[in-house]
Structures are given as C-alpha cells and as structure tokens.
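got a predicted model here, sequence first, then my questions.
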Amino acid sequence: MGGAVTAGHGANQYAQRGSPRAKPSSFAKADLLAVAKLAAEADQLENQVQAAQQRQEEIQQSQYEIATNPASPPAALEQLASDKNTKARYGVARNPSSPPALLEQLAQDPDYSVRRGVAENPACPPAALEKLAYDVNRSVRGGVAINPNSPPATLIQLSSVDTDYDVYRKVAANPACPPEAFEQLIQNRDRDARCLVAGNPACPMTLLERLAHYKDPATRQAAAGNPNIPPEMLQTLAQDLDADVRLGVARNSSTPPQILERLLQDRPEIAQAAADNPGLPPAVRAMWQLAQGRDG
C-alpha cells in the first residue's frame with residue numbers, strides 16, 4: 001500500500017515536471033509584433049490604393065463631363081480625343097459640338113464604344129457614317145442605323161444587306177428612313193421591323209395604308225398608333241375585330257374626338273384609353289367619368 005502511494009506520488013511529480021507552463025520567448029513576441037506591423041502597413045497601403053483609385057475615377061468623370069459639354073472649347077476636346085481615358089474619348093465622340101475632324105479621327109478608335117458614340121452623333125460627317133456602316137461591331141452599325149443624319153443610301157444598304165436584327169430594326173425606327181428602305185424592311189425582314197415601319201411618322205401614306213390593312217394584327221396596331229395616320233384610316237381601324245388594334249386607335253393623340261367618343265363604349269381598357277386621350281373634349285370625359293361613378 002505504502003509503495004503504491006509512493007509510486008503514485010512520484011508519478012504525479014514526474015507529470016508536473018514533464019509539463020511546465022510554456023512562457024512566450026522574446027523571439028515569439030518579436031514575431032507577433034512584426035506580423036501586427038505588416039498587417040497595419042497592408043491596411044494603410046490598401047487605403048492608399050483605394051484613395052488613388054477614387055481620385056482617378058473623379059479625374060475621369062471630370063474629363064467626361066468636359067468632353068460631353070457642348071460649350072467646351074475645341075482645344076480641350078482635341079486634347080481629350082487623344083486621352084488614354086476611353087470614357088473621355090467616348091464623351092468627345094458623343095458631343096454634338098465636336099469638330100468634324102475630331103469625329104473622323106475617333107471613328108477609327110480601337111474601342112468600339114467610342115466608334116459607337118461617333119456613329120450616334122448627329123454631327124458626324126456623312127463620309128464617316130458611310131464607313132462606320134461597315135464596322136465589325138453591330139452596336140456601331142446600329143448607331144449609324146438610328147442616326148437621323150445618316151445618308152439615305154447608307155440606310156438603304158443597312159436595311160437590305162445587314163443581317164443583324166438590332167441594326168435593321170433601328171433603320172425601321174429612324175425618322176429619316178427613306179421610302180426605299182421602308183420597302184426593303186417590310187418585304188425582307190421580321191414582324192418587329194414591319195411594326196416599326198408602320199409606327200414611324202416618316203412612313204409614306206401609300207405604304208401606311210397597306211400596313212393598316214395588313215393581315216397581322218400587330219402591324220395594324222402599330223399603324224393605328226402612327227401620329228400621321230389619316231382620320232379615315234383611324235375610322236376603319238377603330239372598328240377592327242382585334243381589340244389591340246382598337247386600343248392603338250384609342251391611345252393615338254391624333255385620333256379625332258368623334259372616334260374617341262365611340263370608343264368610350266368599347267371594352268373597359270379601350271374605353272379608359274379613350275378617356276385618357278388628350279384629344280377627348282373635357283366635357284365628354286367628365287360625363288363618361290360620371291357615368292362610371294367616378295369623380296373626375
């Protein structure tokens with residue numbers, strides 16, 4: 001018994017001697033201090049980088065605002081047109097006051113967004129627009145397609161040759177689209193292009209009349225919304241069997257009051273559109289609202 005106790009006591013002493021409490025050495029403390037210092041320096045460096053990036057963004061935004069300002073002097077625009085900041089060059093490309101020579105220069109910019117800015121600019125020289133109509137980037141060609149100052153021959157070419165739907169649809173929506181391009185679009189393109197032609201205020205009356213009687217209801221609806229459609233065509237479309245076509249008539253601000261009054265008797269959404277039309281006489285609108293139990 002006594003020996004067992006002694007052995008246990010010895011083992012306990014051995015265990016206590018074998019596991020002394022570890023004390024951090026001066027070397028370990030130095031390591032911790034170094035790590036903390038490096039972390040602080042890294043945080044400081046990150047803050048400096050973020051501040052520099054913010055300053056750079058502010059400079060680029062300032063350059064863009066100068067580049068897009070129509071009142072900016074030509075010398076400033078010329079300098080920004082050669083800047084490495086793409087956003088600044090894009091701003092010059094969009095500026096309607098940019099000199100033609102600068103726009104011709106930027107029409108050859110390696111960045112497509114800059115070339116698109118030139119293509120969309122109403123002040124772009126026709127020669128530059130003709131070249132941009134062959135650009136490899138579809139958004140650049142789309143800029144030419146929607147530009148009201150694009151040469152008629154260029155728009156005709158895009159309407160008949162370009163296979164990108166975004167490009168030829170923009171030609172169809174262009175208020176300067178020539179009649180020849182309209183013909184190409186309704187014969188060779190999709191329904192969306194045909195509807196854009198039907199709703200274009202520049203659509204010739206003979207073509208608009210054809211589209212107002214087209215078999216596709218969506219095309220007739222687009223024609224019904226054309227602000228230049230004659231009253232007699234609106235009269236016919238106001239009796240169309242398709243409700244969406246009649247809705248187009250009800251929403252057209254050019255629809256005569258007598259047609260709007262008849263549409264007040266149509267289904268609810270059409271009647272409401274007719275009532276909201278500014279062409280409806282206020283007295284008639286008030287009577288309709290009273291009949292509907294509404295306070296105008």
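Everything's here; your move. Keep in mind it's a predicted model, so treat the numbers as computed, not measured.

what residue is smack in the middle of the chain?
With distances taken as CA atoms, centre = their mean, Ser139 lies nearest the centre of the chain, 11.4 Å away.

how close does the nearest residue to it once chain neighbours are set aside get to Pro126?
Once flanking residues are discounted, Ser139 sits nearest to Arg116: 5.1 Å by CB to CB, 6 or more residues apart in numbering. No exception for glycine: its C-beta is placed from N, CA and C like everyone else's. According to CB to CB, to the nearest Å, Arg116 stands 17 Å off from Pro126.

between the two, who's got more neighbours?
Neighbours per residue (other CB atoms under 10 Å) separate Arg116 from Pro126, with Arg116 holding more: 24 against 13.

low-confidence stretches in the stretch 151-296 of the chain?
Applying pLDDT under 70 to the stretch 151-296 of the chain flags residues 294-296.

so where do the helices sit in it?
152-160, 165-173, 179-188, 191-199, 205-212, 217-224, 231-237, 243-251, 257-263, 268-276, 282-291 (DSSP state H, counting those that start in this stretch).

these: which one's closest to Pro74?
helix 152-160 (27.0 Å; CB to CB).

what angle separates that closest one from helix 179-188?
Inter-element angle recorded for helix 152-160 and helix 179-188: 0 degrees (by axes from the mean of the first three to the mean of the last three CA atoms, to 10 degrees).

what comes up buried for helix 152-160?
Thr154, Leu155, Ile156, Gln157, Leu158, Ser159, Ser160 (16 or more other CB atoms under 10 Å).

returning to what we had before: and the residue nearest to the centre of the chain, helix, strand or coil?
Per DSSP: H, G, I helix; E, B strand; the rest coil, the local secondary structure of Ser139 is helix.

and it, how far from Pro70?
Distance from Ser139 to Pro70, by CB to CB: 24 Å.

please apply the same query to Pro282.
From Pro282 to Pro70 the distance is 40 Å (CB to CB).

tell me, how many residues neighbour Pro230?
14.

err, Thr86, not the other one
Neighbours around Thr86, by other CB under 10 Å: 15.

who's in contact with it?
Residues in contact with Thr86 (CB atoms under 8 Å, 6 or more residues apart in numbering) are Asp111, Ser113, Val114.

phi and psi next, for it.
phi -60, psi -40 (degrees, to the nearest 10).
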